[in-house]
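S.K.: Below: sequence and its predicted model.
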Amino acid sequence: MNTAAEPQLELRGVTKRFGGVGAVDGVTFQVEKGEILGVIGPNGAGKTTLLNCISGVHRVDGGDIRWEGRSIAGLPPHRIARLGIGRTFQIVRPFGSMTVRENAAVGALFGSSAARRGLKEAFEVADQVLELVGLKAKADHPVSALTIPDRKRLEVARAVATRPQLLLLDEVMAGLNNVEIDEALEMVRAVHATGVTVLLIEHVMRVIVGICRRAIVLDFGHVLAEGEPEVVLRDERVIKAYLGERYAKRLRGERGQDSAS
Ligand SMILES: Nc1ncnc2c1ncn2[C@@H]1O[C@H](COP(=O)(O)OP(=O)(O)O)[C@@H](O)[C@H]1O
Ligand SMILES: [Mg+2]
């Protein structure tokens, strides 16, 4: 038995092509139980596609995805959710005519086996997760009345209500202001503190540096760099991927004066 050393999630050469183009191309990495792993990379790098592969939305064209030592490649999304992998969607799509609490309860009804209980229990779980993400006071509001940050909180609440062991978050902080990002950071920390492993796709570097001990950089479907966020973000290949060769040169020559973003 070697369960102690086994990663919770393992990707081995995962490949997903669209019309011959490798959106994700030979991606290998591991997620350890209990960590917060950051996944960053420029637009179009393959981050969302990778998440869709893990959660079963896409069937992989090559490689393997292993959850607690067993292959889950090819399983449909609901089976993967029941194994304990929850996710948010980059495009938030709540059930608009329902209340915040009802939306969270839907998550509780369609999650991992621990979450699949009766309606009463689903609403109890909904109340717990709404408290966790700071939406308790708006539980009875219609979703249509929510602000953007609150919609993102609800998206996280819905995913947490499925009682995942691993939560996949796709840019839940995009479009938020600095104060809202700090609140969202606290929310992710609170969820993580309940024992959930987190894989976090994020554009906001402050978030990755603030919350992740390890980050993976994707570029053109490949893993470009992997390591401590501070180290990875200073990697010249990473700077180039984000800003282009011209800015990388300027950063080398005139560090501190370049305010390109
Ligand atoms: N369903 C799809 N059909 C065709 N091409 C897609 C599809 N989803 C993503 N792609 C392409 O795959 C590449 C990676 O996209 P995506 O995973 O969304 O990147 P990211 O999330 O890093 O911005 C892009 O070139 C994108 O156009
Ligand atoms: Mg994306």
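M.R.: All right, it came through fine. Ligands and ions are numbered 1, 2, ... in the order given.
S.K.: In the stretch 51-200 of the chain, where is pLDDT below threshold?
M.R.: 91-92, 94, 112-117 (pLDDT under 70).
S.K.: Residue 132 contacts residue 157, correct?
M.R.: Yes: Residue 132 lies in contact with residue 157 (Cβ atoms under 8 Å); the separation is 7.3 Å. For glycine as for every other residue, the C-beta is placed from the backbone atoms N, C-alpha and C.
S.K.: Nearest residue to residue 162 in space, please, no chain neighbours.
M.R.: If you skip the residues right next to it in sequence, residue 162 has residue 111 as its closest partner in space, 2.5 Å away by Cβ to Cβ, 6 or more residues apart in numbering.
S.K.: Oops, could you answer that again for residue 165 instead?
M.R.: Once flanking residues are discounted, residue 165 sits nearest to residue 84: 3.8 Å by Cβ to Cβ, 6+ apart.
S.K.: next one: residue 8
M.R.: Among residues not flanking residue 8 along the chain, residue 33 sits closest, at 4.2 Å (Cβ to Cβ, 6+ apart).
S.K.: Quick check: phi and psi on that neighbour?
M.R.: With angles defined as degrees, to the nearest 10, residue 33 sits at phi -60, psi 130.
S.K.: which stretches of the chain form strands?
M.R.: Listed in chain order, the strands found in the chain under DSSP state E are 9-18, 21-31, 36-40, 62-67, 70-71, 85-87, 166-170, 197-201, 214-219, 222-227.
S.K.: measure residue 46 to residue 18 for me?
M.R.: Remark: distance between residue 46 and residue 18 (Cβ to Cβ, to the nearest Å) = 10 Å.
S.K.: Looking only at neighbour counts, state which of those two leads.
M.R.: Using other Cβ atoms under 10 Å as the criterion, residue 46 and residue 18 rank with residue 46 on top: 25 against 11.
S.K.: and residue 76, how many residues sit next to it?
M.R.: Under the neighbour criterion other Cβ under 10 Å, residue 76 is assigned a count of 10.
S.K.: show me the contacts for it.
M.R.: Taking Cβ atoms under 8 Å, 6 or more residues apart in numbering, we find residue 76 in contact with residue 56.
S.K.: gap between it and residue 55?
M.R.: 10 Å.
S.K.: mind checking the longest helix of this protein?
M.R.: helix 178-193 (DSSP state H).
S.K.: Quick test: name the residue nearest the centre of the chain.
M.R.: Geometric centre of the chain, nearest residue: residue 169, 2.1 Å, by Cα atoms, centre = their mean.
S.K.: interface residues of the chain facing ligand 2?
M.R.: 47, 48 (Cβ under 5 Å from the ion).
S.K.: Could you rerun that using 8 Å?
M.R.: Within reach of ligand 2 by Cβ under 8 Å from the ion, the chain has these residues: 43, 47, 48, 49, 51, 90, 170, 171, 201.
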